[in-house]
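>>> sharing a model prediction with you, sequence too.
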Amino acid sequence: MADVADLALILFLPWFAILGALYWFYPRSLERSAARRRFDLAALVFAFIAAFIAGRWGYFTAATGIEAGPIWRQVLASLLAYKAFLVVVGVAWAWRGQRFR
């Protein structure tokens, strides 16, 4: 059942890679240092972990608590995984802008 629960995350991997690349390369006005690279890498890893956990949680929550059909599990898992990734990357983007001016 784990492979079905992770389908939403697998389908979002290319989009997460695009968003992660945009986060990594922009804005170009910030200094590029080893500390910034470590911060960016940690933020992207944390965003992926948050998306994984949120997707799993959404899948199993929909499986037990919502009677809207079998597709609802994947829909809720996708929505929560995407939102978790965006929230973490958005917070990291703002924090990075303050930290590495």
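Here it is on my side, so go on.

>>> sec struct for the closest residue to G55 other than its chain neighbours, please.
Closest residue to G55 apart from its sequence neighbours, by Cβ to Cβ, 6 or more residues apart in numbering: A81 at 3.5 Å. C-betas here are computed from N, CA, C, even on glycine. In three-state terms, and counting by DSSP: H, G, I helix; E, B strand; the rest coil, A81 is helix.

>>> same thing with W72?
Quick answer, by three-state DSSP: W72 is helix.

>>> one more: E31?
Under three-state DSSP, E31 comes out as coil.

>>> with adjacent residues omitted, what lies nearest to it?
F100 (5.8 Å).

>>> please report how far that neighbour lies from S29.
10 Å (Cβ to Cβ, to the nearest Å).

>>> ok, now R38?
R38 is 19 Å from S29, by Cβ to Cβ.

>>> one step back: so the residue nearest to G55 touches I49, yeah?
No. Judged on Cβ atoms under 8 Å, A81 makes no contact with I49 at a distance of 11.0 Å.

>>> which one of those two is surrounded by more residues?
The neighbour comparison of A81 against I49 (other Cβ atoms under 10 Å) goes to A81, with 27 against 13.

>>> now stretch 27-43: average pLDDT?
For stretch 27-43, mean pLDDT is 87.

>>> can I get it in PDB, CA atoms only?
C-alpha atoms of stretch 27-43 as PDB (Å, rounded to 0.1, in the frame of the first residue of the first chain):
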ATOM      1  CA  PRO A  27      17.400  35.800  -6.800                       C
ATOM      2  CA  ARG A  28      20.900  36.200  -8.300                       C
ATOM      3  CA  SER A  29      21.500  39.400  -6.400                       C
ATOM      4  CA  LEU A  30      22.200  37.500  -3.100                       C
ATOM      5  CA  GLU A  31      25.700  36.500  -2.300                       C
ATOM      6  CA  ARG A  32      26.700  33.000  -3.300                       C
ATOM      7  CA  SER A  33      28.600  31.400  -0.400                       C
ATOM      8  CA  ALA A  34      29.000  28.000   1.100                       C
ATOM      9  CA  ALA A  35      26.600  29.000   3.900                       C
ATOM     10  CA  ARG A  36      23.900  30.000   1.500                       C
ATOM     11  CA  ARG A  37      24.300  26.700  -0.400                       C
ATOM     12  CA  ARG A  38      24.000  24.700   2.800                       C
ATOM     13  CA  PHE A  39      20.900  26.800   3.800                       C
ATOM     14  CA  ASP A  40      19.300  26.200   0.400                       C
ATOM     15  CA  LEU A  41      20.100  22.500   0.400                       C
ATOM     16  CA  ALA A  42      18.700  22.100   3.900                       C
ATOM     17  CA  ALA A  43      15.600  24.100   3.000                       C
END
